[in-house]
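> Model the structure of this input:
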Amino acid sequence: MNTKNKGNLAKILCILIGVAMLAVDMFAFVGCTKNSESTLSPTPTEAVVDNKPNTDVATNTGAAPETGTETGSQTGSETVTTGGEDVDTLYPVNACESIFGTRLCENFADDFYVGTCVSYSLTQNETATKVIVEQFNSVTCENEMKPDHLLDKTASKLNGEITVKFPNDTVSMLNWAKDHNLKMRGHTMVWYSQTPNWIFYEDFDTSKSLVSREVMLERMESIIRQEFEYVQENYPDMFYAWDVCNEVIADEGGLRDCLWKQTIGDDYIEQAFTFARKYCGDIKLFINDYNCYVGNKRTTLLSVVKDLAEKGLIDGVGMQSHLDVGYPSVGLYTATMKMFAAFGVEVQITEMDITTDNKTEKGLNVQGQMYGDIMKQVVDWDRDGTVDCTSVTIWGLYDKISWRSSQVPTLFDNIMLPKPAYNALMEITKG
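Model (predicted):
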């Protein structure tokens, strides 16, 4: 074979090898794609009412649909590691109106506040701030106003009385909200979890005995008074609602056992709202809980709300609303709202997120449909006077920092672009 023919043969062999390699790569790509799609279960998350912990912060925290306790890392102590410093987003913060048509909160301006939860780190992120300020008009601190964040043990022992101190990160968040003209929900005062045990013991020392009812009532009143007085003095008119008591009903019904109940007695909830009414000014007072629509728990909560409402101690019920596309049904959920409203109180959706295990376009559309169906019913009832809904809070700004990020429960995806759930809410009030 001459040199020219050898060269042509070599070229042909190179081309054939290249085509073969390309075919292999394409086969591998298709195979990987199919395998990836096959891992996306079309089955919604199983309805859970007993076994998973419920928590209510937007990263590594929150509530399973919807059980257990409002805890962190899904283990029983609500600690937060919000990824606020790691906001990786393509969100068009300077061109939202042309893409969305209007702000989410403006879409419901005639109905209720629309909010989200925030952490200190999230408020320090410029991109997240732009999104929050644009889309929402209300915020709730994830952890920074909970009892273990505000109660100062050192100062309490030094002063000989319970002492509330708003630390720097909390003050920074409140200033941030004030600077951006955002309203706030207070969360939370009396809670069995994330409350330091030392407040229930003599000399604030857990090695000693529990204090008497009288002493604990004095401490309860002092805590409530100090918190209300601080925000009224420094942030007048910014707080419109406050979760005075949080998760006080046991999953199986009846009052949850806790140190508040052990030291004060079964009337500790009424006592808390009595003190709160004394110091709250114009701030509305709420009882907040999860699984409000479940069996005996709902029965007990309805009884508690009825009693507090008749005594003029409560303004509304906060339904945490950590839901799943498989449970509860829209009918069950909204029917419960109507039951609370029958007592003449406001109803607020305080921590809403809806999980799905199906992350395909179809699955996200189902998720969006549930968001839309619930909100459409709430808007209709709010407008005809059936339910006085005054606030809806989405728990988590976007999926990546949600406590249930693997089940993509929020209105915005991992790079903060709007999902079908967002679009469903934006469609409700059109026309």
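> So for stretch 117-132, mean pLDDT?
Stretch 117-132 shows a mean pLDDT of 93.
> Need the CA coordinates for it. PDB is fine.
The C-alpha coordinates for stretch 117-132 follow below in PDB (Å, rounded to 0.1, in the frame of the first residue of the first chain):
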ATOM      1  CA  CYS A 117     -39.500  33.700  57.600                       C
ATOM      2  CA  VAL A 118     -36.000  35.100  57.900                       C
ATOM      3  CA  SER A 119     -32.800  34.300  59.700                       C
ATOM      4  CA  TYR A 120     -30.100  36.800  60.600                       C
ATOM      5  CA  SER A 121     -27.800  35.500  57.900                       C
ATOM      6  CA  LEU A 122     -30.500  35.800  55.300                       C
ATOM      7  CA  THR A 123     -31.100  39.500  56.200                       C
ATOM      8  CA  GLN A 124     -27.400  40.200  55.600                       C
ATOM      9  CA  ASN A 125     -27.600  38.900  52.000                       C
ATOM     10  CA  GLU A 126     -28.200  41.700  49.500                       C
ATOM     11  CA  THR A 127     -29.900  39.500  46.900                       C
ATOM     12  CA  ALA A 128     -32.200  37.800  49.400                       C
ATOM     13  CA  THR A 129     -33.100  41.200  50.800                       C
ATOM     14  CA  LYS A 130     -34.200  42.400  47.400                       C
ATOM     15  CA  VAL A 131     -36.400  39.400  46.800                       C
ATOM     16  CA  ILE A 132     -38.000  39.600  50.300                       C
END
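> How about it, which residues are buried there?
Buried residues in stretch 117-132, defined by neighbour count with 16 or more other CB atoms under 10 Å: 117-123, 125, 128-132. In short, each C-beta sits where N, CA and C put it, glycine included.
> just curious, which of the residues you listed is nearest to Gly312?
Among those, Cys117 lies closest to Gly312 (CB to CB), at 29.5 Å.
> Mind putting the buried residues of stretch 117-132 into CSV with distance to Gly254?
What follows is the buried residues of stretch 117-132, written out as CSV (distance: CB to CB, whole Å):
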residue, distance to Gly254
Cys117, 29
Val118, 34
Ser119, 33
Tyr120, 36
Ser121, 38
Leu122, 37
Thr123, 38
Asn125, 43
Ala128, 41
Thr129, 43
Lys130, 46
Val131, 42
Ile132, 38
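> between the residues you listed, which is closest to Leu174?
Nearest to Leu174 among the buried residues of stretch 117-132, with distances taken as CB to CB, is Thr123, at 9.8 Å.
> Now do the same contact list for that closest one.
Going by CB atoms under 8 Å, 6 or more residues apart in numbering, Thr123 touches 84, 129, 172-173, 176.
> Would you mind confirming that Phe204 is in contact with Trp198?
Yes: shown here, Phe204 and Trp198 form a contact pair, counting by CB atoms under 8 Å, at 4.7 Å.
> tell me, what's touching those two both at once?
Here Phe204 and Trp198 have 153, 156 as joint contacts, going by CB under 8 Å, 6+ apart.
> For these two, indicate the residue with more neighbours.
Between Phe204 and Trp198, Phe204 has the larger neighbour count (other CB atoms under 10 Å), namely 22 against 17.
> Show only the entries of the buried residues of stretch 117-132 found in strands.
Here DSSP state E is the test, and the buried residues of stretch 117-132 give 117-118 as lying in strands.
> Helices - which of the buried residues of stretch 117-132 land there?
Under the assignment DSSP state H, the buried residues of stretch 117-132 contribute 120-123, 128-132 to helices.
> Figure out the helix or strand that Lys297 lives in.
Per DSSP states H and E, Lys297 falls inside helix 295-310.
> For the stretch 251-400 of the chain, which segments count as strands?
Shown for the stretch 251-400 of the chain, the strands assigned by DSSP state E, counting those that start in this stretch span residues 284-289, 316-319, 322-324, 346-355, 389-394.
> now the last one against strand 346-355, angle please.
Read it as strand 389-394. Strand 389-394 runs at 20 degrees relative to strand 346-355, counting by axes from the mean of the first three to the mean of the last three CA atoms, to 10 degrees.
> what's the burial count for Gly281?
Neighbour count of Gly281, defined by other CB under 10 Å: 12.
> where does this protein dip in pLDDT?
The chain contains residues with pLDDT under 70 at 1-101, 430-431.
> what do you get if the cut-off is 80, keeping everything else the same?
Where the chain drops to pLDDT under 80, the residues are 1-102, 430-431.
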